[in-house]
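Engineer: coords below, sequence missing:
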């Protein structure tokens, strides 16, 4: 079984936590349908996607060196 993490983000204060919940739900459904074990989630709220200076994105990049997952579905 492949292992994966989920990275979810929304970009502005006009979007809500429901946006994150929806992203997580879709990714979890995909993982279940494709025999993928989700081993972690990384979430940045109200953060722009125009650069990589997002705390959980940076944490995910750092954690990737631990090789605890095989793939990162979006």
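Structural biologist: Structure received. These figures come from a predicted structure and were not determined experimentally. Residues are numbered from 1 along each chain as shown.
Engineer: So what's the gap between the helix ranked longest in the chain and the chain middle?
Structural biologist: For the chain, the helix with the greatest residue count under DSSP state H is helix 17-33. Distance, stretch centre to chain centre, for helix 17-33: 9 Å (C-alpha atoms, centre = their mean, to the nearest Å).
Engineer: Next: stretch 39-46.
Structural biologist: The answer for stretch 39-46 is 5 Å, by C-alpha atoms, centre = their mean.
Engineer: Go through it and flag the buried ones.
Structural biologist: 41-45 (16 or more other C-beta atoms under 10 Å). Where C-beta positions appear, they are placed from N, C-alpha and C, glycine not excepted.
Engineer: got those residues as JSON lines, with pLDDT columns?
Structural biologist: Shown next, in JSON lines, are those (pLDDT from 0 to 100):
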{"residue": "41", "pLDDT": "96"}
{"residue": "42", "pLDDT": "96"}
{"residue": "43", "pLDDT": "94"}
{"residue": "44", "pLDDT": "92"}
{"residue": "45", "pLDDT": "88"}
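Engineer: and which of the residues you listed is nearest to residue 31?
Structural biologist: residue 41 (11.2 Å; C-beta to C-beta).
Engineer: Please look at residue 31 and residue 1 and confirm they touch.
Structural biologist: No - contact criterion C-beta atoms under 8 Å: residue 31 and residue 1 do not qualify, at 10.0 Å.
Engineer: Pick out whichever of those two has more residues nearby.
Structural biologist: Higher neighbour count among residue 31 and residue 1: residue 31, with 19 against 9, using other C-beta atoms under 10 Å.
Engineer: re earlier: report the set of residues contacting both of residue 31 and residue 1.
Structural biologist: Residues touching both residue 31 and residue 1 by C-beta atoms under 8 Å, 6 or more residues apart in numbering: residue 37.
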